[in-house]
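**Q** just coords:
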């Protein structure tokens with residue numbers, strides 16, 4: 001019984017300490033998505049990714065056109081060719097189709113890799129600026145409101161201060 005009372009007292013003290021600590025913390029929030037999309041580097045990175053994407057798309061369309069013309073040609077000539085030649089042509093067309101799919105997958109991976117490569121330094125720069133502003137203003141926590149979750153109604157929004165820090 002004495003141990004139970006001691007345990008309850010210790011639990012109450014822990015809860016009280018945590019509540020007191022949380023009451024003393026200064027909390028702010030920022031929408032990192034809005035911040036990053038406002039950065040000029042982001043716009044340049046997205047333009048570069050779109051250019052790469054358009055290049056791959058044009059190549060894939062060219063491959064698709066060649067594939068379709070082969071199919072039409074082989075269909076038109078099928079009656080005048082032997083069964084063995086038609087089988088070889090069907091295999092060739094199937095190989096072309098597989099190559100196009102493989103190229104599409106490689107292109108998508110290259111685009112994603114390039115996007116990550118270009119956006120990583122931008123997000124690091126934004127994070128550094130957020131930390132600098134938060135520390136300068138004495139905030140203990142900065143929550144990201146970009147996730148679509150209602151966070152705080154009375155916490156300070158650091159977006160304008162961080163934009164000023166970045167010169168945006």
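**A** All right, it came through fine. As the structure is a prediction and not an experimental result, all values here were calculated from the model.
**Q** Report how many residues lie close to residue 77.
**A** When neighbours are counted by other C-beta atoms under 10 Å, residue 77 registers 12. Where you see a C-beta, it was placed from the backbone N, CA and C, and this is true even at glycine.
**Q** State the helix or strand in which it lies.
**A** Per DSSP states H and E, residue 77 falls inside helix 40-77.
**Q** Also residue 135?
**A** Per DSSP H and E: residue 135 is located in helix 83-136.
**Q** Which secondary structure elements does that helix sit against?
**A** If you count contacts as 3 or more C-beta pairs under 8 Å, 6 or more residues apart in numbering; DSSP states H and E, helix 83-136 packs onto helix 32-38, helix 40-77, strand 141-144, helix 159-166.
**Q** So for the second one, what gets flagged as buried?
**A** The one in question is helix 40-77. Neighbour-count burial for helix 40-77 flags 42, 45, 49, 52, 53, 56, 63, 74 (criterion: 16 or more other C-beta atoms under 10 Å).
**Q** From the contact counts, what lies against that helix?
**A** helix 83-136.
**Q** Would you point out which residue is most central in the protein?
**A** Nearest to the geometric centre of the chain sits residue 116, at 7.4 Å (C-alpha atoms, centre = their mean).
**Q** ok, back up a step: helix 159-166 and the helix holding residue 135, what's the angle between them?
**A** Counting by axes from the mean of the first three to the mean of the last three C-alpha atoms, to 10 degrees, helix 83-136 lies at 100 degrees to helix 159-166.
**Q** Tell me the gap between helix 83-136 and the middle of its chain.
**A** Chain-centre distance of helix 83-136: 13 Å, with C-alpha atoms, centre = their mean, to the nearest Å.
**Q** As TSV, the helices and strands packed on helix 83-136 with mean pLDDT and distance to residue 105 would be great.
**A** Output for the helices and strands packed on helix 83-136, formatted as TSV (pLDDT from 0 to 100; distance: least, C-beta to C-beta, whole Å):
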stretch	mean pLDDT	distance to residue 105
helix 32-38	92	28
helix 40-77	94	11
strand 141-144	84	32
helix 159-166	84	37
